[in-house]
Each structure stands twice: as structure tokens, then as C-alpha cells.
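>>> here is a sequence with its predicted model. Questions after.
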Amino acid sequence: MMLRIRSRDGLERVSVDSPHITVGILKSLIQSQLQIPIQNQTLSTNQNLLLAKTHEDLLRFTDMANPDTPLSALNLSHGSIVFLAYEGERRVAGPAFNPAGSFGRKMTMDDLIAKQMRVIRQENPHCELASFDRDCANAFQDYVNETLAFAIKRGGFMYGTVSEEGKVEVDFIYEPPQQGSEENLLLFRDPDEEKLVEAIASGLGMRRVGFIFTQTISQDKKDYTLSNREVLQAAELHAESGLKEWVTAVVKLEVNEDGGGADVHFEAFQMSDVCIRLFKEGWFEKDIGQEDDPKLSKMKKDVMVGVKDTREVDNDFFLVVVKISDHQGPLSSTFPIENRNTPVEMRALRNHLDRTKNLPFVKRISDFHLLLVLARVLDPAADVPALTACLQTQTAVPEGYQLLIESLANAT
């Protein structure tokens, strides 16, 4: 008699003598044939066992908890499926398969297991907390709220620091050239400009830590957290970063149920490890049609979600919620911001310096967006590191740089 055993590793077979053996004997056979210790096994005829996340969840499945229960009492017979959850790791080995015809090739059980991709929810993020500088967060949300009215999408790269404990602090947002619509956000990446951004960030002891984007007011009525297009874009940028603490932040306007007002909300996520793996290995279907359900991501091959093989995955499976906080960072965000509707010209520097003339000079230029304007005319290899060193330590800016910056401002 043969029983099929379904576990997180897929479907395997165990040979038993008869349907009259007990659960305890079945566990012994699983130990000898599948190399899973008896004490690590939880068995059930209920497929929901495979969705259990905690030890307490496993304890709810009691139909095969008594080792003296005969299999016949559970209506198990030749070919029946038993569901198995187990603790620990195992290496699933098996005999090689013979070639299938002249064009076949040998496949081991390891090969087959490697081809099977399971999509499960990731409970814990690698980022312990995402804290946003209040000024840069307000500068971003004020623009999308007051100017764009949440009618089109807007995005930016977040820069800051990552602590050893996995806390991400966002201190400025760089908004690349882009074009937004109700459903799409196209980033027109400028490698030369991004090199200047990276030079400024490096001089400030910061790095790129995440991606922030807005959802439009029309999306507020949709029944998803992130759309399939948003998942694809977020996964691509997360994968590009190589940073395990990378944060994806969403800003949206939620209309009150009575229609009398609306509130701006920030939410932070990480794309799950399996999501990033799927993206890197090319599993995502990137061509998204108008008729496709936005709350589902399409795969090129079958993946296993729970106990079902599918090519459509609910986007929520890919999201890991990150706690949010705020702080007052070292930079201001009062200088005009790049790549918006109005180009930033050098006269903005004169207006900014006039407006802040009562502050120490190092404070007057402690603004990323101002530094980006200066970096376009100064030497990125020499001048930018010298200025950012002053900002990072909040020490006096050398007189030569003060005169140079003021002359640039007055030249317009």
C-alpha cells in the first residue's frame, strides 16, 4: 500500500504494509523513508496544515495526534494524501530519472525540488523600522497633494543611513526625471545626475535606502495594497539595490467614508525575499494587459501557493510590513526640488541665500537639493566632498567656498 505525503518539499510517497497500521507506525516509516525525525513531524488529513505559521497553529491539527489511531479509522487507503509539517531542514535526495527519449536528460530529485518555487508570506522584515525626516517627507507629500492633487503618480529615491540593528533613517528624497499617469510611473533615469546624487550622499555618510512613490486618488477605490505594476517596479529597484534593508514607501490620499475630507497616509514595506528571488530569476511576467487583475502578479511558470500550483499570485504575499517613525534629520528641504514642473535655475540659489542670511553659512547650504544644483557647476571629485564634509560635521565652510557660492548666486 502506498500513501502520498504532501509537505513543503512537494509530493512524496511512503510504502506501508496495510491500512490497519497506526499513526505511530506511519511516523516511523516516514522517519526511515523520508529522513524526518518522528519528534519533528505533525501529520493531518487537513491540507491547511501546510499554511500553519507557528507551533500554536500546528497544535490545532489533532486528527492524527494520537499515535495509536489506525489509518483505517481516518479513511486512509492506497493512494490517499497525508499532509506533513515538520521542523528543521532536510536534504531531499532521490534516484536519477532515466532520459525521456533520445532528447531527454537525466534529472535527479534534487533537480525537481530546485525547480519547484514556493510562495509563502514572510513574517519578519529585514528592516526593523523606517524613520522619515519630517521636512523631506512633507516636501514630497505637499507637492503631490497640493500641486498634483494625487491625480498622477510621483516617485523618488530615498537616501539616509542603515543601523546595525536594521533601522533605516531617510534624510532626503531625490526625484529623478519621470512621467506619471493614473496607473503608471515611468522613471527616466539620468546616470550623470545620479552620479552627482551618489557623490553628495557618500560625502554626507548616506546611501540609497529605498524607493517612495504615490498612489493616485483613483487607486483609493481599488481592492489592493500594491498593484501588479507597482510590485514589479518595486521588486526591480529593490533587486538593483542589493540592500536587504531596502524600504518601499507608499504615499496615498485616503478619502473619508463620509466624503467630507481626506488624509495623507505613509506606509512602508519590504518586498519579500521570495519576491526578489522570483524577479532576479525571471519568473515575473512583465507584459501586463489592461484586462489583467491589478491585485495579482502573473508568473511565467507555475509556483506553489499553499498547496496549489498557480501562475497568479496575490500581491500581498510579496509584501512585508515595516513600522514607521519620523525624526528631524541634519538637512533642510526648503530649496526648490529637481525635475518638477518648473526647472530649478541658479537664481533660486540667490533667493535661498537671501531668505536664510541670518543662519550660519553651513546651515544655509545644508539642503540636498541645493547641493545638487552646486554639484552641476563645481568639481564633483574635489568640491563636493569638501562641502559635504563641512555639512556632515556642521563645521564652518571655508571662506573660499563661501565666496564661490555667493558669486554663483549673484551671477544671475
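That came through, no problem.
>>> tell me how far stretch 55-64 is from the chain's mean position?
With Cα atoms, centre = their mean, to the nearest Å as the basis, stretch 55-64 stands 32 Å off its chain's centre.
>>> what does it rub up against?
23, 42-46, 48-49, 51-52, 74, 82, 85 (Cβ atoms under 8 Å, 6 or more residues apart in numbering). C-betas here are computed from N, CA, C, even on glycine.
>>> what residues of stretch 34-50 count as buried?
Buried residues in stretch 34-50, counting neighbours by 16 or more other Cβ atoms under 10 Å, are found at 34, 36, 41-44, 49-50.
>>> what is the end-to-end distance of that stretch?
The first residue of stretch 34-50 is 17 Å away from its last residue (Cα to Cα, to the nearest Å).
>>> before we move on, what about stretch 369-380?
End-to-end distance of stretch 369-380 (Cα to Cα): 15 Å.
>>> mean confidence score for stretch 375-388?
The pLDDT scores in stretch 375-388 average 95.
>>> can you show me the strands along the stretch 1-150 of the chain?
2-7, 10-15, 41-44, 81-86, 118-119, 129-133 (DSSP state E, counting those that start in this stretch).
>>> need those strands in CSV (columns: distance to T342 and mean pLDDT).
Converted to CSV, those look like this (distance: least, Cβ to Cβ, whole Å; pLDDT from 0 to 100):
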stretch, distance to T342, mean pLDDT
strand 2-7, 60, 87
strand 10-15, 58, 84
strand 41-44, 63, 93
strand 81-86, 59, 91
strand 118-119, 44, 90
strand 129-133, 23, 97
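>>> make CSV out of the buried residues of stretch 34-50 and add distance to S163.
As requested, the buried residues of stretch 34-50 are arranged in CSV below (distance: Cβ to Cβ, whole Å):
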residue, distance to S163
L34, 43
I36, 39
Q41, 40
T42, 38
L43, 43
S44, 42
L49, 38
L50, 36
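>>> nearest to G210 among these?
In terms of Cβ to Cβ, no member of the buried residues of stretch 34-50 lies closer to G210 than L50, at 32.8 Å.
>>> pick out the most distant pair among the contacts of stretch 55-64.
Using Cβ to Cβ, the pair of these lying farthest apart is V23 and L51, separated by 21.3 Å.
>>> among the strands of the stretch 1-150 of the chain, which comes closest to N410?
Closest to N410 of the strands of the stretch 1-150 of the chain, according to Cβ to Cβ: strand 129-133, at 30.3 Å.
>>> could you name the helices and strands sitting against that closest one?
strand 167-174, strand 247-255, strand 324-327 (3 or more Cβ pairs under 8 Å, 6 or more residues apart in numbering; DSSP states H and E).
>>> of those, which shows the lowest average pLDDT?
strand 247-255 (a mean of 92).
>>> please identify the buried residues of stretch 346-365?
So, applying 16+ other Cβ under 10 Å, buried residues of stretch 346-365: 348-350, 352-353, 356, 361-362, 364-365.
>>> my bad, should have said stretch 206-226
Applying 16+ other Cβ under 10 Å to stretch 206-226 flags 206, 208-217, 219, 224-226 as buried.
>>> and for stretch 375-391?
By 16+ other Cβ under 10 Å, the buried positions in stretch 375-391 come out as 375, 378, 380, 383-384, 387-388, 390-391.
>>> among those residues, which one lies nearest to V264?
Closest approach to V264 among the buried residues of stretch 375-391 (Cβ to Cβ): L391, at 29.2 Å.
>>> other SSEs contacting the helix or strand hosting the closest one?
Here L391 sits within helix 383-393, counting by DSSP states H and E. On a contact count with 3+ Cβ pairs under 8 Å, 6+ apart, helix 383-393 meets helix 191-203, helix 368-375, helix 399-410.
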